[in-house]
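[1] Pasted the sequence and its predicted model underneath.
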Amino acid sequence: QVQLVESGGGAVQAGGSLRLSCAASGSIFSINVMGWYRQAPGKQRELVATIARGGSTNYADSMKGRFTISRDNAKNTMYLQMNSLKPEDTAVYYCYAQISVREYAPMYNYWGQGTQVTVSS
């Protein structure tokens, strides 16, 4: 059983910062790409950022320069440092990870339950 648990969400004022964490646990052989998506009320889920096992990153244009994604492979944990937050960043943030549960097994996407981020003006 594989589980992803997000933490670090909350309420901040515009211009503030938050750091989200996503910890993967359970029967894990390897983790490939990890990433963050977000979904605001009434909107579709959108990509925030991804990070490969080797550390290469990809960001949505609106997050570049404000958000930083990182990971600790030894801890199976990923982070999202969010600075200069705006009210439009208000959303539920979900983490995902491509995980293989044993050697030679295929990779599957696993998702966390989401953590709420609310930015007030």
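    Thanks, I have it.

[2] model confidence over stretch 109-121, on average?
    Per-residue confidence for stretch 109-121 averages out to 97 on the pLDDT scale.

[3] I should have written stretch 19-31 there, sorry.
    97.

[4] do stretch 80-97 as well
    97.

[5] Give me the distance between the two termini of it.
    From its first residue to its last, stretch 80-97 covers 14 Å (CA to CA, to the nearest Å).

[6] buried ones in that stretch?
    Taking 16 or more other CB atoms under 10 Å as the basis for neighbour counts, the residues of stretch 80-97 that come out buried are L80, M82, L85, D89, T90, A91, V92, Y93, Y94, C95, Y96, A97. The way it works is simple: take the backbone N, C-alpha and C, and place the C-beta from them, glycine included.

[7] So for G26, what's the nearest residue that isn't a sequence neighbour?
    Distances taken as CB to CB, 6 or more residues apart in numbering put V2 closest to G26, at 4.2 Å, once the chain neighbours are dropped.
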